[in-house]
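Trainee: below is the sequence, then the predicted model.
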Amino acid sequence: MRIPIVALALLCLAPPLAHADLLAGYAAQARAEDPAFKAFSAERGRQFFQARQGREAGVESCTSCHTPDPRAEGRHARTGKSILPLAPVANAERLSDPAKVEKWFKRNCNDVLARACNAREKGDFIAYLQSVR
Amino acid sequence: MKNAILILLGLYAGGAWAGHDEFTPSAAAAKDPAHAAWREECGSCHVAYPPQLLPAASWRQLMANLERHFGTDASLDPARRQVLLDHALRHAGRQRVDPAAPLSISKSPWFVHEHDELGAAVWRRPAVKSPANCQACHSRAEQGDFGERGIRVPR
């Protein structure tokens, strides 16, 4: 009887734990990249998300595909395919799989910024998504 | 002679050329264990185009360069990429492609022929946007069904 209760408790804890692990991992990387790093900032993450990078027409910003509201459904700038919301409050699956998070950071940072994002940018952005209610 | 022409016309109208004119999804590809991975990875940014829409040589070239995939970074980890490449090769088509654009389904001669009654303006409609956006008109494209009955061209 004890085991199912423990399993149930673990299941309930699973999503927030995954998010916390994700941020802890990026925090360790951010400290390695910059010894002066203190903490992630949801506000910096919001600005990063909204910023117009202007590299390529049609994909100047994260919002080009994801809309300025991370709770809203987005639309792929090139193909028109609908994209599920980014904020976990609107889409519980978001941020639940670290490999997926990394896959999309690699692709999308390359597309919008023409470079890889650093750990601070990634952590700030995740902190922002988690702060959205 | 006249009868022969009428019979040919009748066969054409009756869908005897359905294998050519109407795309039928491959049941084998849909039953393949890698089908779920194919749908998930290829279907994030566009319809997961059925693997039989390009020949093997095109899939090899496409999967070798996912970092620059039609102007977008679609990179995958090597293990996942191999799963998708194997799936594509198992179910690849045998059609001709445009030698100048061997990775473009929408530039393949059969695709151009199938869509030749549409004016250029149709592709530019906001609800269509691009020939990559199958589901704009093929309402059941996500299910791999491109049959005539599912077609609704948006205004």
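Mentor: Sure thing, it's come through.

Trainee: residue contacts, the residue nearest the centre of chain B?
Mentor: The centre of chain B sits closest to residue B:53, judged by CA atoms, centre = their mean, with a distance of 4.3 Å. Contact analysis of residue B:53 by CB atoms under 8 Å, 6 or more residues apart in numbering or on different chains lists B:23, B:93, B:95, B:105, B:108. (Each C-beta comes from the backbone N, C-alpha and C, glycine too.)

Trainee: let's have those in JSON lines, adding pLDDT and secondary structure.
Mentor: Listed next are these as JSON lines, based on pLDDT from 0 to 100; DSSP: H, G, I helix; E, B strand; the rest coil:
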{"residue": "B:23", "pLDDT": "61", "secondary structure": "coil"}
{"residue": "B:93", "pLDDT": "95", "secondary structure": "strand"}
{"residue": "B:95", "pLDDT": "95", "secondary structure": "coil"}
{"residue": "B:105", "pLDDT": "96", "secondary structure": "helix"}
{"residue": "B:108", "pLDDT": "97", "secondary structure": "coil"}
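
Trainee: nearest to residue A:86, of these?
Mentor: For the contacts of residue B:53, the minimum distance to residue A:86 (CB to CB) is 29.0 Å, reached by residue B:105.

Trainee: measure the closest one to residue A:94 for me?
Mentor: Separation of residue B:105 from residue A:94 (CB to CB, to the nearest Å) stands at 30 Å.

Trainee: check residue A:60 too.
Mentor: Distance from residue A:60 to residue A:94, by CB to CB: 23 Å.

Trainee: those two: who's more crowded?
Mentor: Using other CB atoms under 10 Å in any protein chain shown as the criterion, residue A:60 and residue A:94 rank with residue A:94 on top: 21 against 15.

Trainee: which parts of the chain are helices?
Mentor: Just so you know, I chose chain A. A:2-33, A:42-50, A:63-66, A:98-113, A:119-131 (DSSP state H).

Trainee: oops, wrong one, chain B.
Mentor: Under DSSP H, chain B gives helices at B:2-13, B:18-21, B:27-31, B:35-42, B:56-63, B:78-90, B:109-114, B:120-124.

Trainee: which of those comes out lowest on mean pLDDT?
Mentor: Here the lowest mean pLDDT among the helices of chain B goes to helix B:18-21, at a mean of 44.

Trainee: pretty sure residue A:77 sits against residue A:62.
Mentor: No. Applying CB atoms under 8 Å as the test, residue A:77 and residue A:62 come out as separate, 10.8 Å apart.

Trainee: which one of the two has more residues nearby?
Mentor: More crowded of residue A:77 and residue A:62, by other CB under 10 Å: residue A:62, with 24 against 21.

Trainee: how far away is the residue nearest to the more buried one when sequence neighbours are not counted from residue A:112?
Mentor: Excluding its sequence neighbours, the residue lying closest to residue A:62 (CB to CB, 6 or more residues apart in numbering or on different chains) is residue A:49, at 4.9 Å. To residue A:112, residue A:49 is 10 Å away according to CB to CB.

Trainee: how many neighbours does residue B:153 have?
Mentor: Residue B:153, neighbours per other CB under 10 Å, totals 12.

Trainee: contact residues of chain A facing chain B?
Mentor: A:76, A:78, A:79, A:80, A:81, A:99, A:103, A:106, A:107, A:108, A:110, A:111 (CB under 8 Å from any CB of the partner chain).
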